[in-house]
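Peer 1: Here is my input; please provide its structure:
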Amino acid sequence: MISLALATAGLALMLRSDLLFIRNGTRRVPAQIIRHHHVRRGGATLFKAILLVPDERGGFIEVRDPLTTPFPTPVIGELLTVVHPIGHPAKARIPYPWFRAGVYAVLGYAFVICVLELTGMG
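Peer 2: All right, here's what the predicted structure looks like:
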């Protein structure tokens, strides 16, 4: 039962973060890594890339990538393509399609297995 709740919550959080991308469509824009935000958790230092992203009025905004990594990657100054929902450049993120697909697959698999066990079909 706890496993089902965790898998459901994980899927709900992933879908919530992707909802604007699904509803509005995506836009690919060039961005530059300008610095990293440092986070200390349990004695470890983790990093989030800070991106300089063009907004839709011709200016630029700073956006913090939602993915936390153990290394300061991508490197400061690197130019890359990011995605954001159309009309929401502040939601820009570095696309990691294989990572996101893998997380959806693991959570979806856990959800299906838990449902099958609870219904007695597994």
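
Peer 1: from here on, contacts and neighbour counts on C-alpha atoms
Peer 2: Noted.

Peer 1: just checking, what packs against the strand or helix carrying residue 102?
Peer 2: Assigned by DSSP states H and E, residue 102 falls within helix 97-119. Here helix 97-119 is seen to pack against helix 2-24 when contacts are counted using 3 or more CA pairs under 8 Å, 6 or more residues apart in numbering; DSSP states H and E.

Peer 1: Could you list every helix and strand in contact with the following helix or strand past the helix it packs on?
Peer 2: The first helix or strand that comes after helix 2-24 along the chain, using DSSP H and E, is strand 26-41. For strand 26-41, the elements it packs on are strand 44-54, strand 79-85, judged by 3+ CA pairs under 8 Å, 6+ apart.

Peer 1: With mean pLDDT, distance to residue 5 and mean neighbour count as new columns, can these be given to me in CSV?
Peer 2: CSV is the format used below for the helices and strands packed on strand 26-41 (pLDDT from 0 to 100; distance: least, CA to CA, whole Å; neighbours: other CA atoms under 10 Å):
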stretch, mean pLDDT, distance to residue 5, mean neighbour count
strand 44-54, 95, 28, 19
strand 79-85, 95, 29, 18
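
Peer 1: Across the sheet, point out what pairs with residue 26.
Peer 2: In this structure, residue 26 bridges to residue 85 when assessed by DSSP bridges.

Peer 1: Cool, thanks, talk later.
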